[in-house]
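In: have a look at this prediction, sequence included:
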Amino acid sequence: MSGITHIRYPIAALACWIAFAYTLVPLLRGHRRNAGLIALCASFGCQGMYLSMSTPVRWTGTLFGTITWYNVSVQLWIIAVLACQQILLIHWIHPRAEARVRARRRLLLLAAVPVTMVVLFFLATLQGPPRNIFTHPGDQPFFVAYQAAYLTAFVVGKVLVARACWHFAKLTDHRWVRRGLRIAAAGAVIELVYPAGRYADVFLAQYGWNPMRWSDVSRTTLTIGMVLNIVGWTAPLWGPRVSAARSWLADYRSYRLLRPLWQALHQAHPEILLPSSTGSDLSALYDLRFHLHRRVIEIRDGCLALRGHHGDPGAVLMPGQGAAAVRHAEVEAAHIAAALAAGPRPPGPEADDPAGVEGPSGPDGVPAPAAAGGPDFSADVAWLVEVSRAFARVRPAVASAGR
């Protein structure tokens, strides 16, 4: 056994047992009647058993040497994985009552595979120790039949799993279920390299095929496919947490990018600071969404305060998209920077045009009112972030022009 296998199998086995424990927890917490979750947990346990049994440095079943019942047990764990995955998909795709009937039928059908394998291997042992050398396959016909039965069951099972995963991924609206099923389907397809190589070992060795050349390739693809299965099947469990983490990072980035505009407005109008608000980016890490709402509200209050002093229009209602949004944000930022540079001014006709900068206006020449910048809070945050970034760029130039 090559050194790469000693590293590959323990890592994959550890990943399987982690996934097994991860799915076992909800079963122990009261979801014991969830047949799909039971099948998923059992699938990870069977994969973990296969990889754990393949891990030891010294074992009796080498790839190209004498075959023992140990090897049969390892391959039976793979058949068990295929059965669990098919039962899982049946319970996902069909209603509960129908799924139970279909699952029983599928289990009865799949039970014929290990029985056939055991019988064929027993018959093979009656002709002497089976060997993984097939230069003369007629010397051990029962073992050749055993290999064909195992590999055929493997191929059929993986094809069924890949097709079902890809089909169900098109039907579900759950983003992480869809992604996970597609990853699992890709893993099942990659695993098909393994039986292709083993078929060649059995049926092409007599024509000059060198099994040693492709042994690591076939075993590596099998391990990679199993890892993708782990990732895909568990995606609905950990995926939403990844999305939540990405949303949190996006909120924190927006919170920091809003700081230049917020700080300038706060310095000009300290009264906009709401109770329990904080100006520190680090202190906002706790309950970030709350502090982000606070910062947006305070920026809006600051824009309203500027409008009260200068007639400044505040943020425009329809910022546009792409380059138009950037230009709109630069115009809005220039108005805010000019109003801040001018400082408080008494009310009068000249206050309608702060610092000589003309702003967006309505159909009657009246300055447009402050608005949310979008249909929801996320759109409002995105718009104010663009304004804040533009404000950080144009404020030095506006301040210099004012001086």
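Out: Done, it's in.
In: residues contacting the nearest residue to Ala392 once chain neighbours are set aside?
Out: Spatial nearest neighbour of Ala392, chain neighbours left out: Pro260 (4.2 Å); criterion: C-beta to C-beta, 6 or more residues apart in numbering. In this view, the C-beta of every residue, glycine as well, is placed from N, C-alpha and C. Contact partners of Pro260, counting by C-beta atoms under 8 Å, 6 or more residues apart in numbering, are Ser388, Arg389, Phe391, Ala392, Arg395.
In: for the residue most central in space within the chain, give its distance to Ala162.
Out: By C-alpha atoms, centre = their mean, the chain has its centre lying nearest to Gly239, at 5.0 Å. Distance from Gly239 to Ala162, counting by C-beta to C-beta, to the nearest Å: 20 Å.
In: now do Arg33
Out: Arg33 is 28 Å from Ala162, by C-beta to C-beta.
In: with neighbour numbers in mind, choose between those two.
Out: Between Arg33 and Ala162, Ala162 has the larger neighbour count (other C-beta atoms under 10 Å), namely 20 against 9.
In: low-confidence ranges in the stretch 251-400 of the chain?
Out: Low-confidence segments of the stretch 251-400 of the chain, defined by pLDDT under 70, span residues 276-283, 308-325, 344-375, 397-400.
In: my guess is Ile272 meets His266, correct?
Out: Yes - counting by C-beta atoms under 8 Å, Ile272 does reach His266; the two are 6.1 Å apart.
In: joint contacts of the two?
Out: Contact criterion C-beta under 8 Å, 6+ apart; residues shared by Ile272 and His266: Glu298, Gly302.
In: residues in contact with Arg8?
Out: Contacts of Arg8 (C-beta under 8 Å, 6+ apart): Arg219, Thr220, Thr223.
In: can you classify it by secondary structure?
Out: helix (DSSP: H, G, I helix; E, B strand; the rest coil).
In: returning to that earlier point: ok, the contacts of Arg8 vs His94, which is closest?
Out: Nearest to His94 among these is Thr223, at 31.3 Å by C-beta to C-beta.
In: what strand or helix carries that closest one?
Out: Using DSSP states H and E, Thr223 sits in helix 211-257.
In: packing partners of that helix?
Out: Where contact means 3 or more C-beta pairs under 8 Å, 6 or more residues apart in numbering; DSSP states H and E, helix 211-257 is packed against helix 3-28, helix 35-53, helix 69-93, helix 175-191, helix 193-203, helix 288-310, helix 377-402.
In: could you dump the ones you listed into TSV and include distance to Arg213?
Out: Output for the helices and strands packed on helix 211-257, formatted as TSV (distance: least, C-beta to C-beta, whole Å):
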stretch	distance to Arg213
helix 3-28	15
helix 35-53	24
helix 69-93	21
helix 175-191	19
helix 193-203	10
helix 288-310	55
helix 377-402	55
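In: contacting residues for Ala185?
Out: Contacts of Ala185 (C-beta under 8 Å, 6+ apart): Val161, Ala162, Arg163, Cys165, Trp166, Ala169, Gly232.
In: what's the PyMOL line that selects buried ones from the residues you listed?
Out: Burial among the contacts of Ala185 is assessed by 16 or more other C-beta atoms under 10 Å; the matching PyMOL selection reads:
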select buried, resi 161+162+165+166+169+232
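In: which two in the contacts of Ala185 are spaced the farthest apart?
Out: Longest span within the contacts of Ala185, C-beta to C-beta: Arg163 and Gly232, 14.4 Å.
In: wait, what's in contact with Leu292?
Out: By C-beta under 8 Å, 6+ apart, the contact list for Leu292 reads Asp251, Ser254, Tyr255, Leu258, Ala284, Val381.
In: repeat that for 7 Å
Out: Leu292 makes contact with Asp251, Ser254, Tyr255, Val381 under the criterion C-beta atoms under 7 Å, 6 or more residues apart in numbering.
In: between those, which sits nearest Asp301?
Out: Nearest member of the contacts of Leu292 to Asp301, counting by C-beta to C-beta, is Val381, at 15.6 Å.
In: is the closest one in contact with Val296, as I believe?
Out: Yes - look at Val381 against Val296 with C-beta atoms under 7 Å: they come within range, at 6.2 Å.
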